[in-house]
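Trainee: Sequence and predicted structure are below.
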Amino acid sequence: MAFIREIKQYPAKCSRCGDKFESHFPQKADRPIYCGQCLQLMKAVSMVQSKLLKEELLLEQSDEQIAQQINSLLVKEAVEVSKENEDLLNSLVERLVDDEKRRKKLVRQLRKLQNRKR
C-alpha cells in the first residue's frame, strides 16, 4: 500500500517577472525566487554564458561575428530574445564587453539576428 504525502504549497511572487505562483517552500525576503519560466530562462542564459567563457570568445573579432556566435548558442539552447528577457541578454553581453557603446551595438545585432530567424 502506497502512502501519498501532501506537499504544502506557499504563495510566491517571481523576483524577475513579478508573476504570482505556488512554491514548495516559503519565500524569503533575502533570496530571489523564480517562476518555472524564468528559472528555465535563467538556466539557459547561464549555460550560454559558461559555454562562451569556456570557448574563450575572441573579443578581437568583429561585433557581428561575436553576435553570430552568441546567437547560435542561444538558438542551440532554445532561448529567444524578447522584451521580457532582454535584461538577461544585456547581462550576458555585459560580462563579455566592458565598453557600453559596443555592448549596445552587440545587443542590437543580436536582436536583428533573432528577428531574421522568425
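Mentor: Thanks, I have it.
Trainee: Could you identify the helix or strand that succeeds the lowest-mean-pLDDT helix or strand in the chain?
Mentor: Ranking every helix and strand in the chain by mean pLDDT, DSSP states H and E puts helix 86-96 at the bottom, with a mean of 73. Of the helices and strands lying after helix 86-96 in sequence (DSSP states H and E), the nearest is helix 100-117.
Trainee: and that next one, average pLDDT?
Mentor: Helix 100-117 shows a mean pLDDT of 79.
Trainee: For it, output the C-alpha coordinates as PDB.
Mentor: The C-alpha trace of helix 100-117 is given here as PDB (Å, rounded to 0.1, in the frame of the first residue of the first chain):
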ATOM      1  CA  GLU A 100      28.900  50.400 -23.200                       C
ATOM      2  CA  LYS A 101      28.600  51.600 -26.800                       C
ATOM      3  CA  ARG A 102      30.000  48.200 -28.100                       C
ATOM      4  CA  ARG A 103      27.600  46.400 -25.700                       C
ATOM      5  CA  LYS A 104      24.600  48.200 -27.100                       C
ATOM      6  CA  LYS A 105      25.700  47.500 -30.600                       C
ATOM      7  CA  LEU A 106      26.000  43.800 -29.800                       C
ATOM      8  CA  VAL A 107      22.600  43.700 -28.300                       C
ATOM      9  CA  ARG A 108      21.100  45.400 -31.400                       C
ATOM     10  CA  GLN A 109      22.800  42.900 -33.700                       C
ATOM     11  CA  LEU A 110      21.600  40.000 -31.600                       C
ATOM     12  CA  ARG A 111      18.000  41.300 -31.900                       C
ATOM     13  CA  LYS A 112      18.400  41.600 -35.700                       C
ATOM     14  CA  LEU A 113      19.700  38.000 -35.900                       C
ATOM     15  CA  GLN A 114      16.800  36.800 -33.700                       C
ATOM     16  CA  ASN A 115      14.300  38.700 -35.800                       C
ATOM     17  CA  ARG A 116      15.700  37.100 -39.000                       C
ATOM     18  CA  LYS A 117      15.100  33.700 -37.500                       C
END
